[in-house]
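S.K.: structural data only, the sequence is not supplied:
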């Protein structure tokens with residue numbers, strides 16, 4: 001088993017709780033659960049990545065406009081419109097993580113071709 005830091009474990013736990021609350025909020029159309037789940041997901045992501053990595057990713061010159069979208073989405077969620085705020089956040093996070101997502105798909109495709117499935 002890989003050794004992980006306590007911060008990473010706590011971050012994953014907080015993200016899991018946030019995912020559960022967000023799922024329940026979407027399932028039963030409860031804006032309170034949806035907002036709470038969103039807060040836990042965002043907080044857990046920052047705990048898991050750490051302050052320095054999060055800051056370096058968010059405040060790069062190319063990523064500033066998406067950081068603003070993320071902040072606007074978070075404020076909209078807290079102001080009582082979680083569905084609209086989450087749309088802002090999904091757009092921002094996709095664009096912030098675009099290079100990581102493409103790398104992950106490329107890695108997965110390589111692994112599938114390695115085992116003969118791709």
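M.R.: Now that the structure is in, tell me what you want to look at. Everything quoted here is computed from the prediction, not taken from an experiment.
S.K.: next secondary structure after the particular helix or strand that has residue 43 in it?
M.R.: Assessed by DSSP states H and E, residue 43 sits inside helix 31-49. Next along the chain after helix 31-49, taking DSSP H and E as the criterion, comes helix 51-58.
S.K.: what pLDDT, on average, does that next one get?
M.R.: The pLDDT scores in helix 51-58 average 80.
S.K.: tell me what angle it forms with helix 31-49.
M.R.: Helix 51-58 runs at 110 degrees relative to helix 31-49, counting by axes from the mean of the first three to the mean of the last three CA atoms, to 10 degrees.
S.K.: which residue ranges of the chain form helices?
M.R.: With DSSP state H, the ranges of helices along the chain come out as 6-27, 31-49, 51-58, 64-78, 82-96, 98-114.
S.K.: tell me the buried residues in the shortest one?
M.R.: Burial within helix 51-58, assessed by neighbour count using 16 or more other CB atoms under 10 Å, is assigned to residue 58. Any C-beta I mention is one placed from the backbone N, CA and C, and that applies to glycine too.
S.K.: that one vs helix 6-27, what angle?
M.R.: Going by the same axes, to 10 degrees, helix 51-58 makes 50 degrees with helix 6-27.
S.K.: now helix 51-58 against helix 82-96, angle please.
M.R.: Going by the same axes, to 10 degrees, helix 51-58 makes 90 degrees with helix 82-96.
S.K.: where does pLDDT dip in this structure?
M.R.: Scanning the chain for pLDDT under 70 picks out 1-4, 114-118.
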